[in-house]
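Q: this one's sequence-less:
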C-alpha cells in the first residue's frame, strides 16, 4: 500500500544530543514537509522540500536540520540547539507544493520525541 | 502571515447529535481542507474544497467553502463514537504554504 512511514514511533533524547527522525514515502510525491505539534495546538511548519536536493525553512526552523538526497526520503534532525524539543513530529507529502489545489498533503503517523 | 481561527476549541456532545464547526481567515483562500486526527496518529484528509460556495459531502460529513472565501464550515450529522478526535481546517492561497487552524476537539458523552 502507498503511504508515508515515520520511524521511530517514540524517541527519547538526552541533553546535548542530536537525534534524527525518519520519513519515507512511496507515493511518488515531489514535496515533503515536517511539522511540529504541541499539546492543544495546531501544526507548525519546520521545513519543507519541493524537490530532491532542495529544501526551505518553515516558520520554526531554528534548532532543526533536514536533507533531501532521495525523492522518497526526508529525514529531520533535532539538534542540541533546539532547547524545547519535546513534541509530536509529523511528516507529510504532496504531489507538489506550489498552491494546494488538488494536491492536499498526506500525513504519516508521527514520532513523539521526549527529553530524558 | 495568514491566520486561521477555528471554533469551537472543544465540543462535548451526545451520540446521535449533529456537530458544526468553522474556520475563518484574515485573508482570502482558494483552497480549504478539513482533516481529522485520532490520538497518537497523523491527520487524515476528510474533505477538500476548491471553489467559493462549494458544498461537498463525505458520508455523514459535509463541508462548505464560504462565499467570501474567508471561511469554511464542517458539519457532522448523527455523530457516532468513532467521530471522537481533533478536527483541523487548513487553507492556502496562490503559492502560499498551507496554514492550519488550531483544531476542534470533539468528545462524545455516552
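A: Noted; the coordinates are in hand. None of the values given here were measured: they were computed from a predicted structure.

Q: Chain A: strands as residue ranges?
A: A:4-7, A:10-13, A:19-25, A:31-37, A:43-51, A:54-57, A:64-66, A:76-78, A:87-94, A:106-107, A:111-115 (DSSP state E).

Q: Could you export these as CSV, including distance to residue B:21?
A: Every residue, glycine included, has its C-beta placed from N, CA and C. Output for these, formatted as CSV (distance: least, C-beta to C-beta, whole Å):
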stretch, distance to residue B:21
strand A:4-7, 26
strand A:10-13, 30
strand A:19-25, 29
strand A:31-37, 19
strand A:43-51, 17
strand A:54-57, 31
strand A:64-66, 31
strand A:76-78, 31
strand A:87-94, 21
strand A:106-107, 20
strand A:111-115, 26
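
Q: for those, which one sits closest to residue B:35?
A: Nearest of the strands of chain A to residue B:35, taken as C-beta to C-beta: strand A:106-107 at 7.8 Å.

Q: residues in contact with that closest one?
A: By C-beta atoms under 8 Å, 6 or more residues apart in numbering or on different chains, the surrounding residues in contact with strand A:106-107 are A:3-4, A:27, A:29, A:90-94, B:35, B:42-45.

Q: In PyMOL, select just the buried ones from the residues you listed.
A: Here is the PyMOL command that picks out the buried ones among the contacts of strand A:106-107, judged by 16 or more other C-beta atoms under 10 Å in any protein chain shown:
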select buried, (chain A and resi 4+29+90+91+92+93+94) or (chain B and resi 35+42+43)
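
Q: With mean pLDDT added, can I get the strands of chain A in TSV?
A: Putting the strands of chain A into TSV (pLDDT from 0 to 100) gives the following:
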stretch	mean pLDDT
strand A:4-7	96
strand A:10-13	92
strand A:19-25	97
strand A:31-37	94
strand A:43-51	93
strand A:54-57	94
strand A:64-66	97
strand A:76-78	97
strand A:87-94	95
strand A:106-107	92
strand A:111-115	93
